[in-house]
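Student: mind folding the following:
(one chain, ligands or ions: 1)
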Amino acid sequence: MIEIRHLDKSFGEKQIFRDFSCSFPEGETTCIMGPSGCGKTTLLNLLLGLEQPDSGSVSGMAGKKRSMVFQENRLVEGMGPVPNLRLVNPAVTRKEAEEMLRALGLSDSLHQPVRTLSGGMRRRVSILRALAAEYDILFADEPFKGLDEKTKSQVISYFQEKTRGKTVLLVTHDREEAQAVGGFLLELGNRHCVFSSPEV
Ligand SMILES: Nc1ncnc2c1ncn2[C@@H]1O[C@H](COP(=O)(O)OP(=O)(O)OP(=O)(O)O)[C@@H](O)[C@H]1O
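Tutor: Numbers count the residues shown, from 1 in each chain. Okay, the predicted model is just below:
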């Protein structure tokens, strides 16, 4: 169980979390929802150790391997999709990387530098890169943003299959997307949080 207890976090005068407590079940997916600016990315950053709390504690992360789909793609633009995937995990063979890319409709773009791919294609490469890494906990910050509806549902099915049994914390604005992903739902907003289990 990943646990946040009595967390306070401010940026200058702006308080983002005040006495915030929450827990995330291991081996399950939790979707984190809330309006823009409420602190979703900050929450991931606190769990990842990229931001430090002003007070309070985060536990359950020690020794856990983390992977992340960032809001921005953060790919190596001059390299092809296959080396981008293998960069985070050399144990993934070229053939396995190609299979992953093919599964998400990228068969025709296996040998192009990622800078020549469309936005939606680059998005799929960055999701696959996070899945290619060895991880216990996967963080995903609006991973499906910018994908058309058909591609999104294909990518969500693949994502669910690949992350089954893993701990996933996924930020989204979109309630329908959260429902499609399934799992638990944490709603952030206006200094309160509701933690519930939606229809899966
Ligand atoms: N490093 C920082 N320095 C100052 N303010 C910050 C910093 N990081 C985040 N903030 C502020 O904290 C608030 C929460 O930001 P955060 O990115 O966590 O929101 P969010 O819920 O993820 O938003 P969005 O849905 O738009 O991505 C915002 O007001 C933002 O400006």
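Student: just the helices in this protein please.
Tutor: Ranges of helices in the chain, per DSSP state H, are 40-48, 81-88, 94-103, 119-132, 149-163, 175-181.
Student: can you add mean neighbour count and mean pLDDT and give the ones you listed back as JSON lines?
Tutor: Any C-beta I mention is one placed from the backbone N, CA and C, and that applies to glycine too. Formatted as JSON lines, the helices of the chain follow (neighbours: other C-beta atoms under 10 Å; pLDDT from 0 to 100):
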{"stretch": "helix 40-48", "mean neighbour count": "20", "mean pLDDT": "93"}
{"stretch": "helix 81-88", "mean neighbour count": "20", "mean pLDDT": "98"}
{"stretch": "helix 94-103", "mean neighbour count": "16", "mean pLDDT": "98"}
{"stretch": "helix 119-132", "mean neighbour count": "22", "mean pLDDT": "97"}
{"stretch": "helix 149-163", "mean neighbour count": "16", "mean pLDDT": "97"}
{"stretch": "helix 175-181", "mean neighbour count": "17", "mean pLDDT": "93"}
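Student: distance to M61 for those - can I get that in CSV?
Tutor: Formatted as CSV, the helices of the chain follow (distance: least, C-beta to C-beta, whole Å):
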stretch, distance to M61
helix 40-48, 6
helix 81-88, 19
helix 94-103, 27
helix 119-132, 17
helix 149-163, 18
helix 175-181, 22
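Student: could I get those in a markdown table, plus columns for distance to the ligand?
Tutor: A markdown table is the format used below for the helices of the chain (distance: least, C-beta to the nearest ligand atom, whole Å):
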| stretch | distance to the ligand |
| --- | --- |
| helix 40-48 | 3 |
| helix 81-88 | 23 |
| helix 94-103 | 27 |
| helix 119-132 | 16 |
| helix 149-163 | 18 |
| helix 175-181 | 13 |
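Student: and H6, which of those helices is closest to it?
Tutor: The closest of the helices of the chain to H6 is helix 40-48. By C-beta to C-beta, the value is 12.8 Å.
Student: quick one: residues in contact with the closest one.
Tutor: Residues outside helix 40-48 that contact it (C-beta atoms under 8 Å, 6 or more residues apart in numbering): 2, 4, 7, 9, 16-17, 32-34, 51-53, 58, 61, 66, 68, 71, 139, 141, 169, 171, 188.
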